[in-house]
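K.L.:
Make a model of this:
(one chain, ligands or ions: 1)
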Amino acid sequence: MAYSVPHLKDFSPAALDRAVGELLSALDQESGQVGDAAQRKAFRDRWLARKDGILTQINELWLKAAPREAKRDVGQRVNKLKAEVEAKVEAALAAPVREAAAALDISLPGLRRSIGAEHPIVRTMNEILAVFRNLGYSVAEGPVIEADYYNFEALNFPPEHPARDTQDTLFIANQASKPPRERLLLRTHTSPVQIRTMEKMRPPLRIVIPGKVHRRDAPDASHSPMFHQVEGLAVDTNITFGDLKGTLDHAMKALFGSDVKTSFRPSFFPFTEPSAEMFVSCFICGGSGKRGADICRPCKQTGWIEILGCGIVDPNVFEFVKHNGYDPEKISGFAFGMGVDRMAMLRYGVDDLQLFFQGDVRFLEQFG
Ligand SMILES: [Zn+2]
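P.N.:
Okay, here's the model as predicted:
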């Protein structure tokens with residue numbers, strides 16, 4: 001039965017001693033039972049609340065009710081009692097939670113908080129960047145929503161140039177009133193960051209550029225309207241195709257193992273001349289084109305896998321940043337670009353690109 005403050009009729013010292021004793025023993029008992037935060041608040045309110053707490057009731061039921069001749073004695077006792085009750089309540093509230101301590105079983109396994117893991121695309125991207133960082137390259141980034149000028153024109157894609165048709169571009173709507181070179185689009189490659197960086201930094205320059213790019217491709221096992229690239233650019237005096245081959249051959253051995261061979265085949269890109277596609281010997285079948293009795297699908301039985309596009313920077317590109325020290329008569333450079341998503345598919349043996357973007361934890365947690 002919970003303690004409640006009695007209406008006192010007898011104000012003799014003996015009766016007052018008894019009433020105070022009962023109140024304090026009730027407080028001792030209750031203070032031994034407070035547990036969690038909610039119980040502590042209820043306990044405090046019951047004893048100390050200004051409006052209807054037990055201390056307030058004592059004022060009403062004992063002090064105000066006392067006859068005049070007993071007021072002085074009752075007042076002194078009530079003041080002393082108040083101080084004692086307040087101290088005891090505060091002490092009980094400050095004590096450690098006993099229930100929690102009793103429930104602690106140190107032999108139980110701890111709570112494990114899952115902190116997640118790098119997405120396989122991000123991990124692959126970081127591994128590519130690390131290879132080039134070790135060669136002294138720095139990382140440059142730029143906007144995903146880009147102006148036509150940076151995405152095409154300054155990279156030697158003139159307006160109406162047929163090479164623009166190979167990059168199905170997603171333009172931002174309602175820009176007909178703007179001059180064509182200012183129109184915004186979702187960048188189709190990370191190459192605009194080459195121009196943006198050369199505008200800010202004078203040669204020599206060695207950068208790698210990671211990021212998202214977009215093209216109007218229907219999603220399927222090997223296409224996605226959003227994908228990832230890493231590009232590189234090196235500019236200095238006397239950069240040759242030999243520097244390009246040596247750099248990329250080293251990078252591929254660092255990424256795919258020291259056994260892989262590289263092969264360069266002529267190609268075309270508007271911003272490099274000459275241009276090449278680089279292949280690595282298939283690190284899945286060892287270049288044989290076969291896997292046991294079966295054919296090797298990733299290399300389509302050829303023993304080679306196309307990895308990236310590259311070339312010597314076209315002097316026309318340098319003309320756009322000539323004012324910042326990029327005089328094509330004095331400097332030269334090479335550039336390369338690779339698809340990170342395809343690299344991740346090859347490295348982890350994933351046969352459907354869409355798996356990377358569907359956010360299915362059962363797929364992603366395999367890379368934890
Ligand atoms: Zn193969």
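
K.L.:
Which residues of this structure lie near the ion?
P.N.:
282, 284, 285, 296, 299 (Cβ under 5 Å from the ion). Any C-beta I mention is one placed from the backbone N, CA and C, and that applies to glycine too.

K.L.:
need the strands for the stretch 251-368 of the chain, in chain order.
P.N.:
Counting by DSSP state E, counting those that start in this stretch, residue ranges of the strands within the stretch 251-368 of the chain are 262-269, 272-281, 290-291, 294-295, 304-313, 332-339.

K.L.:
Quick one: residues in contact with the first one.
P.N.:
Outside strand 262-269, the residues that touch it by Cβ atoms under 8 Å, 6 or more residues apart in numbering are 163, 245, 248-249, 252, 274-281, 304, 309-311.

K.L.:
Could you rerun that using 7 Å?
P.N.:
The list of residues contacting strand 262-269 from outside it, by Cβ atoms under 7 Å, 6 or more residues apart in numbering, reads 245, 248-249, 252, 274-280, 304, 309, 311.

K.L.:
Distance from the chain centre to it, please.
P.N.:
36 Å (Cα atoms, centre = their mean, to the nearest Å).

K.L.:
Parallel or antiparallel, list what pairs with it.
P.N.:
Within its sheet, and counting by DSSP bridges, strand 262-269 is paired with strand 272-281 (antiparallel).

K.L.:
Quick check: chain neighbours aside, which residue is closest to residue 240?
P.N.:
Of all residues beyond its chain neighbours, the one nearest residue 240 is residue 332 (7.4 Å), with distances taken as Cβ to Cβ, 6 or more residues apart in numbering.

K.L.:
OK, contacts around that neighbour?
P.N.:
Applying Cβ under 7 Å, 6+ apart to residue 332 gives the contacts 238, 239, 312, 313.

K.L.:
do that again at 8 Å, thanks
P.N.:
Residue 332 sits next to 235, 236, 237, 238, 239, 240, 312, 313 when contact means Cβ under 8 Å, 6+ apart.

K.L.:
tell me which of these is nearest to the ion?
P.N.:
When the contacts of residue 332 are ranked by distance to the ion (Cβ to the ion), residue 312 comes first, at 29.5 Å.

K.L.:
residue contacts, the closest one?
P.N.:
Residues 239, 240, 241, 244, 272, 273, 274, 332, 333, 334 are the ones in contact with residue 312 under the rule Cβ under 8 Å, 6+ apart.

K.L.:
about what we covered before: the strands of the stretch 251-368 of the chain into CSV, with extra columns for mean pLDDT?
P.N.:
Putting those into CSV (pLDDT from 0 to 100) gives the following:
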stretch, mean pLDDT
strand 262-269, 95
strand 272-281, 96
strand 290-291, 88
strand 294-295, 90
strand 304-313, 95
strand 332-339, 96
